[in-house]
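Novice: Can you look at this prediction? I've put the sequence above it.
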Amino acid sequence: MSSAMPALVNFAAAPHSVELREVACPEIGPRDVLLQVRAVSVCGSDLHQWLGGASWKVNYPVVLGHEFGGVIAQAGREVKGFSEGDRVVSETAAVIDEQSPLSRQGLYNLDPNRLGFGYGVDGAMTEFVKVPARCLHRIPDGLAFEKAALTEPCCVAYNAVCMNGRVQVGDTVLVLGPGPIGLLCAVMAKLAGARHLIVAGMPADAKRLAVAKQLGAHVTVTGDPLPAVRELGDGLGVDVVIDAAGVSATLQTAMQVVRPGGQILKVGWGPQPLNFSLDPLVLKAVQLHGSFSHNWPVWERVIAMIAAGQINLDPVISRVGALGDWHECFEKMHTGEYVKAVLKPNG
């Protein structure tokens, strides 16, 4: 393999500080593998970094990409259970303190020292990426890499809705924000037994709201969802609100539409100050539950669900392209024309 390779690099905090550059092929340690990247999907956080709107610390310059799978090209001498040629996907927690109390609980996704691919260390929008073997999961031979690359966002959604959420059979559920995570949260809510599923977005989300219908939403709403919610049942609100929008203001909407004793799941990032009262949370005795990332058992379950076709990703993948197509993919995901784009750095 060559010592230099093309990579999509986020080199500064200023907007649009992303470009293709030649970078050195990484050297692996004894417990790492060198992964030949077969597919890497574009995440909303990649777009945030491209637009200069990241609300998390980025170690510039860094190769983007944290939703990926590939084939092991080389395994470190201490790696056990994986070998060259294995088809795998990777978790995102590239650096953790393995001795921290959270890691020892299996909650390494919440370890304060955690660094992820694509912002903390170099990610997978390139030909080869260094991955700790502890991050790896095997995938079945019949699972296409472009679908396997969406394991990570599916895990975000599963962890939010099915682990941190309390969606029950017969519940009414509202999803705010029909981006990829919001749509996948809608899928999980449907699988968890939601009786009535609403997905709300903005006028620019028309194509994504159409995909929400394909994925099983009963109603889609453009703009304020409160009128649609008031028409449901007793009019007191929905059982669960999943806030998957990338702004802070939607939390206020969530508080308005959730029923007393209900739950708000906060998945979307929003760096803006709130500037409104949280008193409705108290008055309604609502549970507000944040959800971040995922861990090993979530990955194993989600891979099985994708492989079995229980999670239908066909409507979600709008475009599969080469690494050189990154700008078009970023632009059209940003405008809402694409739900999810997947890049294949090695063809």
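Specialist: Structure received.

Novice: isn't A12 right next to Y60, touching?
Specialist: Yes - taking C-beta atoms under 8 Å as the contact criterion, A12 and Y60 are neighbours in contact, 5.6 Å apart. Every C-beta, even on glycine, is put in place using the N, C-alpha and C of the backbone.

Novice: what are the phi and psi angles of the residue lying farthest from the centre of the chain?
Specialist: With distances taken from the mean C-alpha point of the chain and given as C-alpha atoms, centre = their mean, the most distant residue is D234, at 33.7 Å. Its backbone dihedrals place D234 at phi -80, psi 0, with angles given as degrees, to the nearest 10.

Novice: Looking at it now. What's its pLDDT?
Specialist: At D234 the predicted local confidence, pLDDT, stands at 95.

Novice: what sits against it?
Specialist: D234 makes contact with no residue, according to C-beta atoms under 8 Å, 6 or more residues apart in numbering.

Novice: now the one 10 residues further on
Specialist: A244 makes contact with V175, L176, G177, G179, I181, G182, C185, V267, G268 under the criterion C-beta under 8 Å, 6+ apart.

Novice: Need the pLDDT of it.
Specialist: A244 is assigned a predicted lDDT (pLDDT) of 97.

Novice: Spatially, what comes nearest to it if we skip its sequence neighbours?
Specialist: Nearest residue to A244, sequence neighbours excluded (C-beta to C-beta, 6 or more residues apart in numbering): G182, at 3.4 Å.

Novice: just A186 next, same as before
Specialist: In this structure, A186 finds its nearest non-sequential neighbour in V175, 4.8 Å apart by C-beta to C-beta, 6+ apart.

Novice: Give the partner strands of the host helix or strand of that neighbour in its sheet and their orientations.
Specialist: Using DSSP states H and E, V175 sits in strand 172-176. When pairing is defined by DSSP bridges, strand 172-176 lines up against strand 196-201 (parallel), strand 238-243 (parallel).

Novice: Out of those, which is closest to I96?
Specialist: The closest approach between I96 and any of those, judged by C-beta to C-beta, belongs to strand 238-243 at 26.9 Å.

Novice: Now do the SS call for the residue sitting nearest the centre point of the chain.
Specialist: Residue closest to the average C-alpha location in the chain (C-alpha atoms, centre = their mean): P153, at 3.1 Å. Following DSSP: H, G, I helix; E, B strand; the rest coil, the label given to P153 is helix.

Novice: Next up, the contacts around it.
Specialist: P153 is in contact with S41, C43, E67, P180, I181, L184, K340, counting by C-beta under 8 Å, 6+ apart.

Novice: Just list whatever residues bridge to the residue nearest to A186.
Specialist: With beta bridges defined as DSSP bridges, V175 has these partners: V199, I242.

Novice: and it, how many neighbours does it have?
Specialist: As a burial measure, V175 scores 36 neighbours (other C-beta atoms under 10 Å).

Novice: Equivalent analysis for the one 3 residues further on, please.
Specialist: The local packing of P178 (other C-beta under 10 Å) involves 30 other residues.

Novice: so the nearest residue to E127 once chain neighbours are set aside, which of the three states?
Specialist: The shortest distance from E127 to any residue that is not its chain neighbour, by C-beta to C-beta, 6+ apart, is 4.3 Å, and that residue is M5. Under the three-state scheme (three-state DSSP), the conformation of M5 reads as strand.

Novice: What's the separation between M5 and R230?
Specialist: For M5, the distance to R230 equals 55 Å [C-beta to C-beta, to the nearest Å].

Novice: Looking at those two, which is more packed in?
Specialist: Counted by other C-beta under 10 Å, M5 and R230 do not tie: M5 has more neighbours, with 20 against 13.

Novice: List the beta-bridge partners for V129.
Specialist: L35.

Novice: Could you give the number of residues near it?
Specialist: Based on other C-beta under 10 Å, the number of other residues close to V129 is 31.

Novice: ok, it touching V121?
Specialist: No - using C-beta under 8 Å, V129 makes no contact with V121, being 9.3 Å away.

Novice: Over to stretch 216-226 now: how far is its first residue from its last?
Specialist: Looking at stretch 216-226, the gap from its leading to its trailing residue is 20 Å under the measure C-alpha to C-alpha, to the nearest Å.

Novice: follow-up on the earlier one: ok, now which ones touch the residue nearest to A186?
Specialist: 182-183, 185-186, 189, 197-200, 212, 217, 241-242, 244.

Novice: per-residue confidence for it?
Specialist: The confidence metric pLDDT takes the value 98 at V175.

Novice: Look up how far A160 lies from it.
Specialist: When C-beta to C-beta is the yardstick, V175 and A160 sit 11 Å from each other.

Novice: now do E67
Specialist: Taking C-beta to C-beta, one finds E67 at 16 Å from A160.

Novice: if you count what's nearby, which of these two comes out ahead?
Specialist: When E67 is set against A160 and neighbours are counted by other C-beta under 10 Å, the residue ahead is E67, at 31 against 27.
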